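> Pasted the sequence and its predicted model underneath.
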Amino acid sequence: MKWCIIALMCMVTTLPAYAQDRFIQLPMFLTCSTKSPVPMLQGQHGELPLLQGAGKIFIPGGQQVGGKMQMLMDPNDGSFTILFLLGNKPEITYCLVMSGQDGEPIAYRGDPL
């Protein structure tokens, strides 16, 4: 039953996106597993933990799902991964939200960080 709820939740998850002075809903599918991808991301892609914090994913009907966000990044080539974690140890579900490349610090009010 737990997996059915997680699968359904992941299939209907959407995030708001700003376009032409209004919000639209973008459908998202999250790939989730009970096995942590962090060792693979560190070993095969050189990504290291960079950020973590409490986060929420917005789903249809104005509902929110709370969890933990983790971001990993390779300091050499800028590849990165953003994970959303549901549950508590020992039963954590890891969901891949986004992966990308060319990550770099951004300026704060025009000043480099």
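Everything's here; your move. Residues are numbered from 1 along each chain as shown.

> Now do the strands in the chain.
For the chain, the strands defined by DSSP state E occupy 14-19, 22-27, 31-33, 48-59, 63-73, 80-86, 93-100.

> model confidence over the first one, on average?
The average of the pLDDT scores along strand 14-19 is 46.

> In this structure, what helix or strand scores lowest on average pLDDT?
Here the helix or strand of the chain ranked lowest by mean pLDDT, DSSP states H and E is helix 2-12, holding a mean of 43.

> Of all the strands of the chain, which one comes closest to Asp111?
For these, proximity to Asp111 was assessed by C-beta to C-beta; strand 48-59 is nearest, at 20.0 Å. Placement of C-beta: from N, CA and C, glycine included.

> Show me the shaky parts of the chain.
1-21, 110, 112-113 (pLDDT under 70).

> Go again with 50.
For the chain, applying pLDDT under 50 flags the ranges 1-19.

> before we move on, the earlier item: winner for burial among the strands of the chain?
By mean neighbour count, with neighbours taken as mean count of other C-beta atoms under 10 Å, strand 80-86 ranks first of the strands of the chain at a mean of 21.

> For that strand, which helices and strands make contact with it?
helix 38-45, strand 48-59, strand 63-73, strand 93-100 (3 or more C-beta pairs under 8 Å, 6 or more residues apart in numbering; DSSP states H and E).

> could you redo those as TSV and give each row distance to Arg22?
Converted to TSV, the helices and strands packed on strand 80-86 look like this (distance: least, C-beta to C-beta, whole Å):
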stretch	distance to Arg22
helix 38-45	36
strand 48-59	16
strand 63-73	21
strand 93-100	23
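
> ok, Asp77 touching Gln101?
Yes - using C-beta atoms under 8 Å, Asp77 makes contact with Gln101 at a distance of 7.1 Å.

> Which one of the two is surrounded by more residues?
Applying other C-beta atoms under 10 Å to Asp77 and Gln101 shows that Asp77 carries more neighbours, namely 13 against 9.

> Identify the residues contacting that one.
By C-beta atoms under 8 Å, 6 or more residues apart in numbering, Asp77 lies in contact with Gly46, Gln101.
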